[in-house]
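# could you look at this predicted model? Sequence included:
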Amino acid sequence: MSLSGELLAAGLLVVLAASCLLDRYLPRACLAFIAFALLMALAWWRLGAPWLALAEAVMGALLTGMALFHGLGRPGSRSPLPPRDHEGRPRHQAPVRWLAALIWLALAGMAVWGVPGSGEVAASAEVARRPLLVAGLAIMALGLWAFAHHHHLLRRLLAFNVLGSGVFLLLAGLAGPVVEVQGLILVGLMVALVGSVLGAALLRRLHALDGRVTLETGPETTP
Amino acid sequence: MSGALLLLATLGTSLVAAVVIFLLPERAFRARTGINLGAALVKLSLVAWMVWGLSHGREYVIEFPVLEGLAFVLRADDLGIMFAGLSSLLWLLTTIYAIGYLEDSPNRKRFFGFFGLCVASTLGISLAGNLFTFLVFYELLTLSTYPLVVHRGTSKALAAGKVYLRFTLTAGMGLMVGMVILHVLAGDIRFGEREILAELGPERRPLLVGLFWVLIAGFGVKAALVPLHGWLPRAMVAPAPVSALLHAVAVVKAGAFGIVRLVYDVYGIELSAELGLLYGLVVVASVTILFGSLRALAQQELKPRLAYSTVSQVSYIVLGIGLFGPLGTIAALSHLLHQGLMKITLFFCAGNYAEELGIHRIDELDGAGRRMPLTSLAFTVGALGMIGLPPVVGFLSKWYLGTGAIQAGMPWVIIVLVASSLLNAAYFLPVLGRLWFRPGPDHGVGAWPEERRLGRLETHGWLLVPAVATALFSLMAGMLAGMPFSPLEWATRVVNAEYLP
Amino acid sequence: MSAPLDAPPSVEAVVLWLALLAPPLLGLAAWRLPPRRMLPVLLVGTPLPLATLWLLHRVSVGGGLEGAWSLAGLRLHWHLDGLAGLLLLLTQLLLLASAAYAVGHRRAAAVPERTFALFWPLLGGLAAALGLIWVAADLLTLYAALELMGLTAVGMMLLPGTGEALLAGMRYLLYALVGSLAWLLGVALLLGATGRLDLAGLAAASEPGAVTGIAMALLAAGLLLKAAIFPLHGWLVPVHASAWTPVSALHGALVVKASFFILMQLWQRLVPEAVAAAWLLGLLGSLAVLWGGLQACRASALKQVVAWSTVGQLGYLMLAFPLLAGTSAAVATLAWQATWLQLAGHALAKAAMFMAAGNLVLADGVSRLTDLAGACRQLPLALMTFGIAAVTLMGLPPSAGFTAKWLLLQAAILAGQWPWVVVLVVGTLLTATYVFRVFRCAFVEASPRHEVRPLPAGMDLVALLLALAALGLGLGAEWPLALLREEGMP
């Protein structure tokens, strides 16, 4: 696999992740996520992990996508979510979240810099996987930013999924597509899927119950 | 019965009684009374058996490991069995009293259940064979007395309970930390092995002195040493049997007994003297004695006056411990029992006045001697004993304290004793005067605050008998002090073991 | 599916895996045929702790068991030592108690049977996840088990279906998912640096350095979040306050402890000498003790008091880290025993306390503290259970909390780490403050009488038994502690 191909794929991944997380129009953001997941599947396939690619395509793209769209609700169905995120940004918790996100990123970056030097990773593979690492870091950064920044629960679910994919990429980039990595990613995919399904279902119920789409305790629910 | 089994049975009696009482329904009055009295009698006889056995050189020990290098030890020794005997005798009498006192009042099940737990803890304290076991029961005592203090559930009672917990739990934590430090220094400290701390090097001495005062503060809260006595007068809101128990037996005595154990069995009397700890103890005790008496003088109600009198009287025990020498020790140990007998008499009588005539204030007592002669006689015996007049047993305590002070080379203590006796007289004699010599409602002057004719006798029989019985015991302990198994004789026996190796 | 081990499995291994895998199957069975009485539940469940007892006996005689599964080229390791066995026993007992309690709770709270049936498979899943966590010896199994535990726990939290529960559950879900990503990233770093996933291999291959440190920090962050250690405790209280009583009992007793257990395992293997970081954890624990205690003193609802108390009590466990890092063997042994004793005592007592509080709330129909007046007359048994459990939480004798605190104090004093002594003292007094606040409210006599709903007797009994177990563990601690001492620390 050529370095330029990797670079292209990595760049595309980052772009898709960004468009998924930045879009306030939720159906489009979900579509972007599905495209992102499919591209991830492609990346796994190219890394020589066909089973993982299949799992990513089925669980990451298809099922998670379905869950997300279920969470949005079809326009005709009972109490669909408004397709646009209009949430304001209450500020009181923001600094803490930002701090956590920045610390996370700094730690990850430092460690990623440190690992290849000290580990047993072969030098040739290292170069090929470097775009993967960079893309993973970038996607993780995007995911963290979105998770800390957004309040709309669907967008936070999206952010979580993107963040997870970033971690998977880092994982693969750091240790190569060995069987342990595949196992970890497989478990991670399943967890992300169950989490997304649960989260989407919960979001629907919450929205149906009192029309909320965020966790922020409004003035009416403050204890 | 083997020694271990006997110990467990003694401890288990009131524990099992408590559990059974908790399981019985509230309305099962007869069953509860039967269990209460039965358990108290069984326990008293078991303790008596152990007293007999100890005097014949038997050993009663049971232990099992709890942690590495730390065991749970129950052991009956001469000192412990003294306290055990006192608590089981007074438990019987207080139970009788409480059954009469709480007739028809709510929550009796809870009361008697925790009452049993409280006595079990007191017995555990007296039979504890090392510091760890002592602490276990000491804290259990705190927990089991709380529901008794707040028994009435009024806001005043709840506030008193809060203060009580604040004092005792904080002190308990202090004790625990102190004991853990001692454990780290010297390992498992068994009572009766006196040389452990003395063997530590001189560089440990300052630490030992500091620890001593931490532990004294921990025990001092329950023993109501000034300035740690604040909870005691407030706890007076509890029902009369509880006050009697708290003040005469369980709580304050547990504190005093803890100080006895600390000085004689943990530090050892020689080491305590060498470290100069005893002198401080004597000063603290003297201050408490005088302060308590002065405060008692200022009280207008009967129960608070008795409470401050307790503050003062319990410190006689501490004073006796502080006097280095056999006579002081005899005074301390025998006063542990004597004060219990006399003080419980006074509280029973105060309860009787309150129940029968609704009297709470001292100036309402005018002429009550005619209306309730037996109760008033018992009260008189107790009060005279507190002042220290022969032949009531209080005289002996003061006599030994005085001679002990001279033996220890602290003659100024005599002044404290005399002053305290005068103060005792000043706050008890007016009460006696009102009882016997002032005209009251029975002479046609005024009316009782709230008279209830509770029984065919001057009051309810269940209330009268214990008061008279304890008064008789106080008299007998004074007059028969030379007989075997009298408190004084037993205290002398303990002291001989302590001072004559 | 899974190819068997390299050697034919020993009897012990078979028993262990049967004991681990039986609960999910039983849970599925109970889903189809929901039990209506407590006795069948207890009868079906009892063989499990008995099997574990037998395993513990074998372990104490013949040393720990270990083995590995091969799964499509992956080697998954497991091991059963005394600690894991004891925790497994504790888990099974608590699960059994909650299962029995849940049957009564369904009846008393009149939850529709269909809604409640879902509880059983989730409970089975939780049981399997917890069991796996105790015996897992590689990061992949741990990861899978941790996630299974988190998701089943979220599922159970959601069962009441009220808006409050959904909201709390959603928050918990998000936190748990992010926590697991932090964990996964840490695993990624370790895997990249050493190429190993099994704990023994990691301990041997990892060298102290920046990467190990960062990996451990990420792992710790994820686990602390899941263990609700201050300041990452925000999700715990709403979740506990709105969940069904058996669920919050299990969650407070076991689920948060499992994350702590994993953290301790990893810490001891990867960075045993990181003194500064360990002190940081100890500091967090101290803050948790103080903050949890203060909040519990301020909480107005009974279940909130209990939930905040969990936050505070978890702090005590964190004190183990500074006492284990770079201290003498004597101190470390003491702290090691203290930690697990505290964990067990707190698990039993907290479950009992939640159940007692649940009984009070359910029978009395009120949840605020001030409405408890008169409860001591009408619900003496529930209040008594609450009290006995509180004795353990306060660390007063003769409870397990007391013995554990004695050990902790001894360790801290022996090591000369006096700050922890202060924390222990203050924590005890704070605990006493909020516990007796409940009692002060319950002892008030002047109160209007209100109707009390009768509860199945078993509910009170289960809670009481758990509370008594916590109490009895105080003086009966020698057997488990001896087992821990014999095998030493990892």
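Looks like it came in fine.
# show me where chain C has strands.
Remark: strands assigned in chain C by DSSP state E are C:65-71, C:74-80.
# pick the most buried one from those.
Across the strands of chain C, averaging neighbours per residue (mean count of other Cβ atoms under 10 Å in any protein chain shown) puts strand C:74-80 on top, at a mean of 20. Glycine gets a C-beta too; all of them are placed from N, C-alpha and C.
# quick check: mean pLDDT across it?
For strand C:74-80, mean pLDDT is 88.
# what does it rub up against?
When contacts are defined by Cβ atoms under 8 Å, 6 or more residues apart in numbering or on different chains, strand C:74-80 is touched by residues A:179-180, A:183, C:12, C:16, C:55, C:59, C:64-70, C:88, C:135-138, C:140-141, C:198-200.
# pull out the CA atoms of that strand and give them to me as CSV.
The C-alpha trace of strand C:74-80 is given here as CSV (Å, rounded to 0.1, in the frame of the first residue of the first chain):
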residue,chain,number,x,y,z
LEU,C,74,-6.0,-14.9,20.5
ARG,C,75,-4.9,-16.1,23.9
LEU,C,76,-7.2,-15.0,26.7
HIS,C,77,-5.9,-15.5,30.2
TRP,C,78,-7.6,-16.1,33.5
HIS,C,79,-6.5,-16.8,37.0
LEU,C,80,-8.2,-17.4,40.3
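# pull out the buried residues from whatever helix or strand B:Gly433 lives in.
Taking DSSP states H and E as the criterion, B:Gly433 maps to helix B:412-437. For helix B:412-437, a neighbour-count test (16 or more other Cβ atoms under 10 Å in any protein chain shown) marks B:413, B:416-417, B:420-421, B:423-425, B:427-428, B:431-432, B:434-436 as buried.
# between those, which is nearest chain A?
B:Tyr427 (54.6 Å; Cβ to the nearest Cβ).
# need the helix or strand of chain C with the lowest average pLDDT.
Within chain C, no helix or strand scores below helix C:375-378, which has a mean of 75 by mean pLDDT, DSSP states H and E.
# which helices and strands does that one pack with?
helix C:329-364, helix C:380-394, helix C:418-443 (3 or more Cβ pairs under 8 Å, 6 or more residues apart in numbering or on different chains; DSSP states H and E).
# next, format those helices as TSV and append distance to chain B, mean neighbour count and mean pLDDT.
Putting these into TSV (distance: least, Cβ to the nearest Cβ, whole Å; neighbours: other Cβ atoms under 10 Å in any protein chain shown; pLDDT from 0 to 100) gives the following:
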stretch	distance to chain B	mean neighbour count	mean pLDDT
helix C:329-364	8	26	92
helix C:380-394	7	25	91
helix C:418-443	5	21	91
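# what would those look like in a markdown table with distance to B:Ala238?
Conversion of those to a markdown table gives the following (distance: least, Cβ to Cβ, whole Å):
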| stretch | distance to B:Ala238 |
| --- | --- |
| helix C:329-364 | 25 |
| helix C:380-394 | 19 |
| helix C:418-443 | 13 |
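# so what's the residue count around A:Lys18?
In this structure residue A:18 is Ala, not Lys. Neighbour count for A:Ala18, taken as other Cβ atoms under 10 Å in any protein chain shown: 18.
# name the nearest residue to it, ignoring sequence neighbours.
A:Leu142 (5.8 Å; Cβ to Cβ, 6 or more residues apart in numbering or on different chains).
# how close does the one you found get to chain C?
14 Å (Cβ to the nearest Cβ, to the nearest Å).
# A:Val191 now?
For A:Val191, the distance to chain C - Cβ to the nearest Cβ - is 4 Å.
# burial count for the residue lying closest to that residue once chain neighbours are set aside?
Sequence neighbours aside, C:Glu147 is the residue nearest to A:Val191 in space, at 4.4 Å (criterion: Cβ to Cβ, 6+ apart). Other residues near C:Glu147 come to 23 when the count uses other Cβ under 10 Å.
# my read: C:Glu147 touches A:Leu189, true?
No - assessed by Cβ atoms under 8 Å, C:Glu147 is found out of contact with A:Leu189, at 11.0 Å.
# so where does residue 205 fall, helix or strand?
Unless you meant another one, I'm taking chain A. A:Arg205 belongs to helix A:179-210, assigned by DSSP H and E.
# oops, I was thinking of chain B
helix B:205-222.
# for that helix, packing partners?
helix B:155-186, helix B:251-261, helix B:277-298.
# tilt between it and helix B:251-261?
160 degrees (axes from the mean of the first three to the mean of the last three Cα atoms, to 10 degrees).
# which of the residues in the helix holding A:Arg205 are buried?
Quick answer for helix A:179-210 (16+ other Cβ under 10 Å): A:180-200, A:202-207.
# measure the nearest residue to C:Gly131 once chain neighbours are set aside to C:Thr194 for me?
Nearest residue to C:Gly131, sequence neighbours excluded (Cβ to Cβ, 6+ apart): C:Leu20, at 4.2 Å. According to Cβ to Cβ, to the nearest Å, C:Leu20 and C:Thr194 sit 28 Å apart.
# follow-up on the earlier one: so the residue nearest to A:Ala18 touches A:Ser19, yeah?
No - A:Leu142 lies out of contact with A:Ser19 (Cβ under 8 Å); the separation is 10.2 Å.
# for chain B, give me its nearest residue in the stretch 301-450 of chain C.
C:Glu445 (3.1 Å).
# distance of the residue nearest to C:Gly131 relative to C:Ala100?
C:Leu20 is 21 Å from C:Ala100, by Cβ to Cβ.
# these two: which has the busier surroundings?
C:Ala100 (25 against 22).
# residue contacts, the more buried one?
Per Cβ under 8 Å, 6+ apart, neighbours of C:Ala100: C:38, C:41-42, C:45, C:458, C:462.
# give me the pLDDT for it.
92.
# how about the nearest residue to it, chain neighbours excluded?
Per Cβ to Cβ, 6+ apart, closest to C:Ala100 is C:Met38, 4.4 Å.
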